[in-house]
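Peer 1: Sequence and computational prediction follow.
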There are 2 protein chains.
Amino acid sequence: MKENGLGADVVSEGEIRKAILAGFSPCDIVFAGVGKKESEIEFAIKKNIFCINVENEDELYIIEKLGKKYQKKVNVNIRLNLNIDVDTHHYIKTSKIENKFGIDIETAGNILKKKFNFVQIKGIHFHLGSQIKEVEPYIKGIETIKKFCQKNNFKPEILDIGGGFGIPYTYSDKIQDIEEFGKKIKESLKNFNLKTVILEPGRFIVGNSGVLISKILYIKKRKTKNFIIVDAGMNDLIRPSLYNSYHLIYPVNLKNGKTLKFDIVGPICETGDYLGKDRDFPENIKSGDYIVIMSAGAYGFSMSSNYNTRLRTPEVLVNGKNLKLIRKRESYSYLFDPELF
Amino acid sequence: MKENGLGADVVSEGEIRKAILAGFSPCDIVFAGVGKKESEIEFAIKKNIFCINVENEDELYIIEKLGKKYQKKVNVNIRLNLNIDVDTHHYIKTSKIENKFGIDIETAGNILKKKFNFVQIKGIHFHLGSQIKEVEPYIKGIETIKKFCQKNNFKPEILDIGGGFGIPYTYSDKIQDIEEFGKKIKESLKNFNLKTVILEPGRFIVGNSGVLISKILYIKKRKTKNFIIVDAGMNDLIRPSLYNSYHLIYPVNLKNGKTLKFDIVGPICETGDYLGKDRDFPENIKSGDYIVIMSAGAYGFSMSSNYNTRLRTPEVLVNGKNLKLIRKRESYSYLFDPELF
């Protein structure tokens, strides 16, 4: 991503560190997030990142204080809560007024009237949610921002339109035409005189770049229900349990012939530990075979845990026929090291 | 727990290792779980644990093979799926026939007719689910087992009645009278000639022994909604997001006076990242204050993750006025160590 000219949108000190370790220049890093610790803001200022997207007034005073301490002018964008509803899972709507994110329009207007010595309010940020597949909510957001800027006589240099571009998880899922999207956004930004437009299409880039491979441990056939029990569980991929998300699942070696319905479940001691329900799989699928769970590149490993004292999976980068281990399989000594008994 | 004569019920090689590290004798360890890897079963056999609760026929053949390899007789219990419904969250029901757990009665009957040289079928295991607060489902389970044993002319030495004893998460929650429970179970086991009865009341022991302490980062007040933004998130305690669970939350320094309704939310970039909704908190609560999230001893740290590249919390054992750090706060170098970029 770095080699293709992208920067990094981060939400924690850990993500700033990780972005820098991965080779991103601090001046390509934007720090967003509803709960930034003072120590995290200080870290960001010391590292000279590009800008901080501010989600409430108190953050500005912390930045002012730390800017003074380090004698640095700090670029910030104001994250607005536009109270725009989008058609997505209620857990990933982020721009309704009853969501924790952003600053309401009225408060933001008052903030723009304040004087700061070390805070430089450069622009506006909004983020509508996730898995959005139309351009219209973004256009609506931009129009609202334009009116807000006009009303408050504010001339932004930066506009961060967030992310949330939906990806297909199934064959029938709509796919956004990203060129058309870009054209329409560009049009709506005419006469806005921005220096910089930021967007953060994270899942759109990595979601379908990753798959989770798992081995079948047992087949359990019952009169009313069949199960494929695999060695990956909700600790490896929590999206089905947490959001009731659908991931395509296939046998690694595709076979023709008769199929049966199976639930694909993991080894965790919870009924909620499943990867897919009522999926067609070859009736002669057997233990030792491998399955592949698609679209695991986003919110897969990053949300994984050691629940049930399970080691987290290794990660392998595949480039054509080249394989490269990029994260080691965890060891038990690594896992128990922080425990002091 | 060890000093009070308890053993360990485990579901993975990691948990066997952890139990042994904690000083439990292998002969006090029971290995349950719907997806045991062959390597995990081998580890259990090598360590001479007390018994393995078997969830399907294939496991028996693996145990037979490995028992032969190590020339060891291996104790097993058959985990029955009793198809008993209990009144609890659908994610933690475990004994319905459409759940992945256990062996159905008919298949189990056929298994008892088979001959093994290294597998010793010692008893029966069942587990009904979680957060059960009545003795009746257990009695019903025991009666079903009795009939099953009679019908199949099987004389079990061991009965493992599982766990799932509910704990109170709120003041109005029913609390199980555990003495009464014991008395009734004992009665129902009369004339059963068991050598050993096993139960695994994990949450009942640790659930209300643990709390999560978090610092308030920001207060956000809106016309329609107020937020307390804290430095703990769904990566630290996922139960509210995952099961819609209710945890009592208090300010650490209780104050009298007027209260307002607040949502208690974390710093993670998801609307689902909340700890409590519409809670009464003092209207003068402020950033820098601490809150305590109750009943975090079970399914708290064990399910925690590094989502958003956040370090997992340290764990502190409190005994009267004595504090002992039992798990270090993670460091960034620890977190990034397995990554190979």
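Peer 2: Here it is on my side, so go on. Residues are numbered from 1 along each chain as shown, chains lettered A, B, ... in the order given.

Peer 1: going forward, measure contacts between C-alpha atoms and count neighbours the same way
Peer 2: Will do.

Peer 1: quick one: the helices in chain A?
Peer 2: Counting by DSSP state H, chain A has helices at residues A:13-21, A:38-46, A:57-70, A:105-113, A:136-151, A:178-188, A:202-206, A:239-243, A:332-336.

Peer 1: Return stretch A:275-295 as PDB; C-alpha atoms alone will do.
Peer 2: Provided in PDB are the C-alpha atoms of stretch A:275-295 (Å, rounded to 0.1, in the frame of the first residue of the first chain):
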ATOM      1  CA  LEU A 275     -18.300 -19.900  10.600                       C
ATOM      2  CA  GLY A 276     -21.300 -20.700   8.400                       C
ATOM      3  CA  LYS A 277     -24.700 -22.300   8.600                       C
ATOM      4  CA  ASP A 278     -26.600 -24.600   6.200                       C
ATOM      5  CA  ARG A 279     -23.800 -24.600   3.500                       C
ATOM      6  CA  ASP A 280     -23.700 -27.000   0.600                       C
ATOM      7  CA  PHE A 281     -20.600 -29.200   0.900                       C
ATOM      8  CA  PRO A 282     -19.800 -32.500  -0.900                       C
ATOM      9  CA  GLU A 283     -21.400 -35.300   1.000                       C
ATOM     10  CA  ASN A 284     -18.000 -37.200   0.900                       C
ATOM     11  CA  ILE A 285     -16.100 -34.400   2.500                       C
ATOM     12  CA  LYS A 286     -13.900 -35.900   5.300                       C
ATOM     13  CA  SER A 287     -11.700 -35.100   8.200                       C
ATOM     14  CA  GLY A 288      -8.300 -34.000   7.100                       C
ATOM     15  CA  ASP A 289      -9.600 -32.000   4.100                       C
ATOM     16  CA  TYR A 290      -9.100 -28.300   4.100                       C
ATOM     17  CA  ILE A 291     -11.700 -25.500   3.800                       C
ATOM     18  CA  VAL A 292     -11.200 -21.900   2.800                       C
ATOM     19  CA  ILE A 293     -13.200 -19.100   4.400                       C
ATOM     20  CA  MET A 294     -13.400 -16.100   2.000                       C
ATOM     21  CA  SER A 295     -13.200 -12.400   2.600                       C
END
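
Peer 1: Could you measure from A:Val10 over to chain B?
Peer 2: 8 Å (C-alpha to the nearest C-alpha, to the nearest Å).

Peer 1: my guess is that residue meets A:Asp28, correct?
Peer 2: No. Assessed by C-alpha atoms under 8 Å, A:Val10 is found out of contact with A:Asp28, at 10.6 Å.

Peer 1: Now the residue of chain A most remote from its centre: phi and psi?
Peer 2: Most distant from the centre of chain A: A:Lys223, at 40.5 Å, with distances by C-alpha atoms, centre = their mean. Main-chain torsions, A:Lys223, degrees, to the nearest 10: phi -60, psi -40.

Peer 1: And the pLDDT for it?
Peer 2: Here, the pLDDT recorded for A:Lys223 equals 86.

Peer 1: circling back to that earlier point, Throw the helices of chain A into CSV and include mean neighbour count, thanks.
Peer 2: Output for the helices of chain A, formatted as CSV (neighbours: other C-alpha atoms under 10 Å in any protein chain shown):
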stretch, mean neighbour count
helix A:13-21, 19
helix A:38-46, 17
helix A:57-70, 18
helix A:105-113, 15
helix A:136-151, 16
helix A:178-188, 13
helix A:202-206, 17
helix A:239-243, 18
helix A:332-336, 14
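
Peer 1: closest one to B:Asn191 among the ones you listed?
Peer 2: Closest approach to B:Asn191 among those is made by helix A:239-243 (42.8 Å; C-alpha to C-alpha).

Peer 1: Whether that closest one contacts chain B - can you check?
Peer 2: Yes. Under the criterion of C-alpha under 8 Å from any C-alpha of the partner chain, helix A:239-243 makes contact with chain B via A:241-242.

Peer 1: What helices and strands are in contact with that helix?
Peer 2: Helices and strands touching helix A:239-243, by 3 or more C-alpha pairs under 8 Å, 6 or more residues apart in numbering or on different chains; DSSP states H and E, are strand A:274-282, helix B:239-243.

Peer 1: Other residues contacting that helix?
Peer 2: Residues external to helix A:239-243 that are found in contact with it (C-alpha atoms under 8 Å, 6 or more residues apart in numbering or on different chains): A:89, A:91, A:234, A:245-247, A:272-276, A:299-300, B:241-242.

Peer 1: one more time with 6 Å
Peer 2: Helix A:239-243 is contacted by residues A:245, A:272, A:275, B:242 when judged by C-alpha atoms under 6 Å, 6 or more residues apart in numbering or on different chains.

Peer 1: and those, which are buried?
Peer 2: Buried by 16 or more other C-alpha atoms under 10 Å in any protein chain shown: A:272, A:275, B:242, out of the contacts of helix A:239-243.

Peer 1: And these, which is closest to A:Thr170?
Peer 2: Distances from A:Thr170 to these, taken by C-alpha to C-alpha, are shortest for A:Leu275, at 14.5 Å.

Peer 1: what's near enough to touch the closest one?
Peer 2: Neighbouring residues of A:Leu275 by C-alpha under 6 Å, 6+ apart: A:240, A:264-265.

Peer 1: that older thread, pick out the most distant pair among the contacts of helix A:239-243.
Peer 2: Among the contacts of helix A:239-243, the pair separated by the greatest distance (C-alpha to C-alpha) is A:Leu275 and B:Leu242, at 14.9 Å.
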